[in-house]
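Colleague: I need the structure of the sequence given here:
(one chain, ligands or ions: 1)
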Amino acid sequence: MKKEKIWQGRIQSDPDSLAEKFTASISTDINLYMQDLTGTAAYAIGLESIGIINGDEKKKILSGLKKIRENIEKEKICPGKYEDVHSLVEYELCALAGDAAGKVHTGRSRNDQIVTDELLFIKESAAEAISFIISLLDAILKKAGSCAGLVMPAYTHMQKAQPVLVSHYLLSYYEKFSRNCKKLIQVFEDSDWLPLGAAACAGSGYGLNTNLLAELLKFKRTGKNSMDIVSSRDYLIDYIYCCTMIMLNLGRFCEDLIIYSSQEFSCADICEKFCTGSSIMPQKKNPDILELIRGKSAVVAGSLTQIITLVKGLPSTYNSDMQEDKKILFNAKKETLDSIEIFIRVLEHTEFKAFSIEDKMPEGYMEATDAADYLVKKGQSFRSAHHIIGKIVRYCIKNNMKLSDIPVKKLKEYSPYFESDFYASISLKSCINSKITSCGTSEKSVMNNISKNTKELDKLKKTLNNLYSRIPDFDELTGN
Ligand code: ARG
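Modeller: Residues are numbered from 1 along each chain as shown. Sure, this is the predicted structure:
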């Protein structure tokens, strides 16, 4: 099918059919139709304000744009006959607004137009990702609140290290995702500038009122250098970097839950609704969703490499390589948001199980650090306390005993500081509550952090509402 071209003139011959198919981007950038319509509506208002079009022409253009939106949404337009979303809007507008449509590209290029579309999209997508992360943070806080008192082993080097509260473990992920959220807010702020006026690369030959355009499109500031404006894709790299960080964090969370739900660890139970069986082994309950999220984290991390490599070594200003950026962006965004959404469900349907000291705790001698701390509090230096407890642990392993099984008399052979209060100091509760630093696992610190995070989350929700109010609305612009 012959596609409508907005750049005919210099090039007379019809494009080679394969070349035409190869260069078209409509199947991807049609996803930016709302942004393209919004940018064009603001541009038309801007053109009227400097007398390039008159009030009547502006009206025709705005109502034409509204009709195009409706036609796209009702599938009355066949996007496939256009090269890209910009051509679609301009050609469809010709049919609806007549000669006025031919003026709408005055002083504008697809090079600054696509950056406008992308920045509008990134602001929306950052807000969307923030709202997903807020739901995830909410779910983590709820789960942490519901696990009060439950204890699990913390592992270092995948070896049992020290007992911690399950809620403390969960809150460790709150921190990671809260940082991701703050980076996304920064991405929103860094994407809050107007590219229009840059045109192809040198700037526009018309006295565009860029401040008015920025105001209409709710951009905080105007771009400062036309060559930079059409050549940079930092904002995409930043957004995809955030997606990647979110996926790395999610992937690690998933990996934890996969391990913890295994029979060997059995400290988490994932609801059957989120697991699958095996076609051959009747006993299996596999944590597929978590594995898939872990797999998708590779796909999204790959997008970051793709977008960075796309920009690497490009000569200044616009190059067609950049057209590929949207596939990378859309894919990274979709995989990330889909993963967050399903992960929240899985987390809500995962039950954490308590560890009992008799059952799982003795194996790793996780109270050994507390035993050393006991001696330090009695006057021993930490290094010698460490050596003494190390020797006692060896003795316990050899004799198949727990630390608390050894009588004081025997303990005194290792250090005179041992008294009968030793046993209470290495109880599970005491191990937990002795970690009194504000970042530690004591019940008090954890409770404190839950209430601090709850307040922080409320603030984040307010910030998100503010971000939403800084995204332009097509209906508002076109006078609905
Ligand atoms: N379709 C292009 C993109 O997505 C926008 C048009 C760029 N300009 C050009 N002369 N090809 O990046």
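Colleague: Three-state assignment for the nearest residue to residue 461 once chain neighbours are set aside, please.
Modeller: Take residue 461 and drop its neighbours on the chain: the residue closest to it by C-beta to C-beta, 6 or more residues apart in numbering is residue 134, 6.1 Å away. In this view, the C-beta of every residue, glycine as well, is placed from N, C-alpha and C. Under the three-state scheme (DSSP: H, G, I helix; E, B strand; the rest coil), residue 134 adopts helix.
Colleague: residue ranges of the strands in the stretch 151-300 of the chain, please?
Modeller: 151-156, 159-165, 193-194, 221-222, 268-270 (DSSP state E, counting those that start in this stretch).
Colleague: Next, format those strands as CSV and append mean neighbour count.
Modeller: Shown next, in CSV, are these (neighbours: other C-beta atoms under 10 Å):
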stretch, mean neighbour count
strand 151-156, 18
strand 159-165, 19
strand 193-194, 22
strand 221-222, 14
strand 268-270, 18
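Colleague: host element of the nearest residue to residue 125 once chain neighbours are set aside?
Modeller: Spatially, and ignoring its direct neighbours in sequence, residue 125 is nearest to residue 333 (5.6 Å; C-beta to C-beta, 6+ apart). Under the criterion of DSSP states H and E, residue 333 resides in helix 325-348.
Colleague: I'd like to know which elements that helix is packed against.
Modeller: For helix 325-348, the packing partners by 3 or more C-beta pairs under 8 Å, 6 or more residues apart in numbering; DSSP states H and E come out as helix 26-29, helix 110-146, helix 234-260, helix 288-311.
Colleague: Make CSV out of the ones you listed and add mean pLDDT, distance to residue 365 and mean neighbour count.
Modeller: Output for those, formatted as CSV (pLDDT from 0 to 100; distance: least, C-beta to C-beta, whole Å; neighbours: other C-beta atoms under 10 Å):
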stretch, mean pLDDT, distance to residue 365, mean neighbour count
helix 26-29, 96, 57, 18
helix 110-146, 98, 27, 22
helix 234-260, 97, 20, 21
helix 288-311, 98, 30, 18
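Colleague: which stretch among these comes nearest the ligand?
Modeller: helix 110-146 (3.5 Å; C-beta to the nearest ligand atom).
Colleague: State the pLDDT value of residue 3.
Modeller: Residue 3 is assigned a predicted lDDT (pLDDT) of 62.
Colleague: Torsion angles phi and psi at the residue lying closest to residue 200 once chain neighbours are set aside?
Modeller: Sequence neighbours aside, residue 109 is the residue nearest to residue 200 in space, at 4.0 Å (criterion: C-beta to C-beta, 6+ apart). Taking degrees, to the nearest 10, you get phi -130, psi 160 for the backbone angles of residue 109.
Colleague: residues touching residue 187, list them.
Modeller: 122, 126, 235, 238, 239, 242 (C-beta atoms under 8 Å, 6 or more residues apart in numbering).
Colleague: scratch that, residue 236 is what I was asking about
Modeller: Residues near residue 236 by C-beta under 8 Å, 6+ apart: 118, 122, 307, 325, 328, 329.
Colleague: can these go into TSV with extra columns for distance to the ligand?
Modeller: Below are these laid out as TSV (distance: C-beta to the nearest ligand atom, whole Å):
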residue	distance to the ligand
118	8
122	14
307	13
325	7
328	12
329	11
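Colleague: what about residue 342, neighbour count?
Modeller: If you count neighbours by other C-beta atoms under 10 Å, residue 342 ends up with 16.
Colleague: Equivalent analysis for residue 404, please.
Modeller: Neighbourhood size, residue 404 [other C-beta under 10 Å]: 15.
Colleague: Tell me how far it lies from residue 374.
Modeller: Residue 404 is 12 Å from residue 374, where distance means C-beta to C-beta, to the nearest Å.
Colleague: Residues that sit against both of the two, list them.
Modeller: Counting by C-beta under 8 Å, 6+ apart, the common neighbours of residue 404 and residue 374 are residue 426.
Colleague: excluding its backbone neighbours, what's nearest residue 160?
Modeller: residue 364 (2.7 Å).
Colleague: Just the pLDDT at that neighbour, thanks.
Modeller: 79.
Colleague: Also residue 23?
Modeller: pLDDT at residue 23 comes out at 93.
Colleague: just to revisit the earlier point, dump the helices and strands packed on helix 325-348 into a markdown table; add distance to residue 35 as well.
Modeller: Formatted as a markdown table, the helices and strands packed on helix 325-348 follow (distance: least, C-beta to C-beta, whole Å):
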| stretch | distance to residue 35 |
| --- | --- |
| helix 26-29 | 10 |
| helix 110-146 | 4 |
| helix 234-260 | 13 |
| helix 288-311 | 19 |
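Colleague: Residue 448: which of those helices is closest?
Modeller: Closest to residue 448 of the helices and strands packed on helix 325-348, according to C-beta to C-beta: helix 110-146, at 12.3 Å.
Colleague: That closest one: how far from the chain's middle?
Modeller: Offset of helix 110-146 from its chain centre (C-alpha atoms, centre = their mean, to the nearest Å): 7 Å.
Colleague: which helices and strands sit right next to it?
Modeller: Using 3+ C-beta pairs under 8 Å, 6+ apart: helix 110-146 touches helix 33-49, helix 85-97, helix 166-190, helix 226-231, helix 234-260, helix 325-348, helix 443-468.
Colleague: and among these, the most buried is which?
Modeller: The highest average neighbour count among the helices and strands packed on helix 110-146, using mean count of other C-beta atoms under 10 Å, belongs to helix 33-49 at a mean of 24.
Colleague: That helix: what's the following helix or strand?
Modeller: Per DSSP H and E, the helix or strand that comes after helix 33-49 is helix 55-73.
Colleague: so that following helix versus helix 33-49, what angle?
Modeller: 180 degrees (axes from the mean of the first three to the mean of the last three C-alpha atoms, to 10 degrees).
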